[in-house]
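**Student:** take this sequence and fold it.
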Amino acid sequence: MGSLTRDILSGANATPPSRWTAAHVRAIPAEGIECAPLLDARHFARIADDLDIWDAWPIQDRDGLPVPMANGETLWMALGAPRFDDPDQRHGHARIHLISRSADAWRDLGPAMPDGFSPGSREWSGSAVLSDGNRVTLYFTAAGRRGETSLSFEQRLFSARATLVSSPDGWALTDWRDLHEAVSRDPDHYMDSNSGSGAVGTIKAFRDPAYFRDPANGRHYLFFAASLAGSTSAFNGAIGLAVSDDPDRDEWRILPPLITAEALNNELERPHVVFHQGRYYLFWVTQSHVFDPAGPAGPTGLYGMTADRLEGPWDALNGTGLVFANPARAPRQAYAWFVMADLEVTSFVDDWGADGARPDGRRFGATFAPMVRLRLDGSRATLEQ
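**Tutor:** Coordinates of the predicted model:
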C-alpha cells in the first residue's frame with residue numbers, strides 16, 4: 001500500500017469532512033435556477049409493459065465511460081421490479097437488470113445476477129466496471145438478508161464478478177463468482193443502516209457504491225451514501241468512501257466521511273465523482289422531502305461540490321451545491337441523476353407530467369429519461385443547451 005494511502009487511513013494530514021450547510025441551501029434563488037427540460041409522453045418510452053426501471057449506471061471502463069460493444073451498443077444496469085399500483089412497493093422487490101442501449105432503443109436482458117446469488121433480500125444501486133475484455137466487476141448494495149421473512153433496511157456493500165458473453169439474445173453475464181463484502185461499516189464514523197425506520201425519507205444509508213479511479217495516482221475508490229455516526233440530528237446524511245491500491249484483490253479500506261449534511265438533509269444518494277479539466281467533481285442526488293423541516297429545503301435535483309484534490313476541501317458548486325433541479329411545473333419529474341466522465345447525465349422518469357391528467361395524483365414513468373449534458377467551469381456547473 002502506498003505511503004499516501006497509509007497517511008490518509010492513519011489520519012495523518014487528514015482533511016476534515018466538508019459540510020453542506022443550511023447557508024448553502026438558503027442561497028438557492030427562489031426563481032431562475034437551472035432546471036431540466038419539462039418532459040411529456042413524446043420524450044420517453046417504457047422498456048417493457050411489465051417492468052419498472054429506475055436507478056441506472058453503465059458498465060464502464062476504469063476511466064468512467066460506458067464501454068462500447070462490437071456492434072456499437074453499450075451495456076447498462078438498472079434497478080427493476082414488476083409493476084405495482086403503488087410505485088413505492090418496487091423498493092422491496094428490486095433486482096439489478098442488465099440492459100442494452102442501442103442508437104434507437106433500450107432493451108431489458110433480464111436480471112444480471114442469478115436467483116439466490118445475492119446475499120440480500122433485495123438488490124439496490126451500485127456501479128460496474130469492465131476489464132480484461134470480458135470481466136465485469138459489480139459493486140452493489142445488498143439490502144436486507146436473503147430469506148428474511150420481514151424486510152429489514154440493513155444495507156451492506158458487496159462486490160462480485162462475472163464473465164460477459166454474447167448470446168442469441170445479445171449479451172449475458174455468466175460464471176458469477178467472488179461474492180465478497182467489499183466494505184464493512186466503521187461504527188466510529190457511520191451509523192448502522194438499521195437505525196432508521198422504513199418510512200420513505202427516514203431510511204438510514206450505507207449504500208450506492210460508485211467506483212472511481214483517480215487519474216492522479218491510479219488509486220481506486222468507492223464512494224457511497226451514508227449516515228453520520230454520533231449525530232444529534234435525525235437529518236445526518238453523509239458521503240463516505242473507501243480506497244484500494246488493487247481492487248482485484250478485493251481489499252478496500254474504509255475512510256472517514258468526505259461530505260456531511262448534518263442537521264440539513266437525511267439522504268445524499270448515489271454519490272459519484274468525475275475528473276474534468278484538472279478538478280474533481282463530486283455529485284449526489286437528493287429530494288425535497290428529506291431536508292430537515294426546521295431548516296431550508298432545496299428542490300429535488302442533482303447537487304455537487306468541487307475540489308482540486310480528492311481529499312478536499314470541497315466547495316459547493318454554484319455557491320449552493322445545486323447543479324439543476326426538476327422544472328417547477330413537475331418537481332418530481334425525474335430522479336437518480338448519474339454523471340458520466342463525458343458529462344452526459346442519465347436519470348429515470350419518476351412522477352412526470354404537468355398537464356393535470358393524473359386522477360390518482362401520481363404518474364410513474366419507470367424508464368430512462370432523455371439524457372442531458374453538463375458544462376463544468378471551475379466551481380460553476382450548468383446544463384449544456
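
**Student:** quick one: pLDDT of residue 15?
**Tutor:** In this prediction, residue 15 carries a pLDDT score of 79.

**Student:** how about the secondary structure of it?
**Tutor:** coil (DSSP: H, G, I helix; E, B strand; the rest coil).

**Student:** so it makes contact with residue 311?
**Tutor:** Yes: using CB atoms under 8 Å as the test, residue 15 is close enough to residue 311 to be in contact (4.7 Å). Placement of C-beta: from N, CA and C, glycine included.

**Student:** which ones are touching the residue nearest to residue 19 when sequence neighbours are not counted?
**Tutor:** Here the nearest residue to residue 19 in space, its sequence neighbours aside, is residue 260; by CB to CB, 6 or more residues apart in numbering that works out to 5.5 Å. Applying CB atoms under 8 Å, 6 or more residues apart in numbering, one finds that residue 260 lies in contact with 17-20, 228, 236-239.

**Student:** any idea of the pLDDT on residue 260?
**Tutor:** Model confidence at residue 260, expressed as pLDDT, equals 98.

**Student:** tell me which element it falls in.
**Tutor:** strand 253-262 (DSSP states H and E).

**Student:** quick check: next helix or strand after that strand?
**Tutor:** In N-to-C order, the element after strand 253-262 by DSSP H and E is strand 269-276.

**Student:** sheet partners, orientation included, of that following strand?
**Tutor:** Each strand that pairs with strand 269-276, with its direction, by DSSP bridges: strand 279-286 (antiparallel).

**Student:** packing partners of the following helix or strand past the strand it pairs with?
**Tutor:** Stepping forward along the backbone from strand 279-286, the first helix or strand reached (DSSP H and E) is strand 301-307. Contacting strand 301-307 under the criterion 3 or more CB pairs under 8 Å, 6 or more residues apart in numbering; DSSP states H and E are the following elements: strand 279-286, strand 315-316, strand 322-325, strand 334-339.

**Student:** can I get the ones you listed in TSV with distance to residue 148?
**Tutor:** Below are the helices and strands packed on strand 301-307 laid out as TSV (distance: least, CB to CB, whole Å):
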stretch	distance to residue 148
strand 279-286	28
strand 315-316	39
strand 322-325	37
strand 334-339	25
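
**Student:** got those as CSV, with mean neighbour count and mean pLDDT columns?
**Tutor:** CSV is the format used below for the helices and strands packed on strand 301-307 (neighbours: other CB atoms under 10 Å; pLDDT from 0 to 100):
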stretch, mean neighbour count, mean pLDDT
strand 279-286, 24, 98
strand 315-316, 18, 98
strand 322-325, 23, 98
strand 334-339, 24, 98
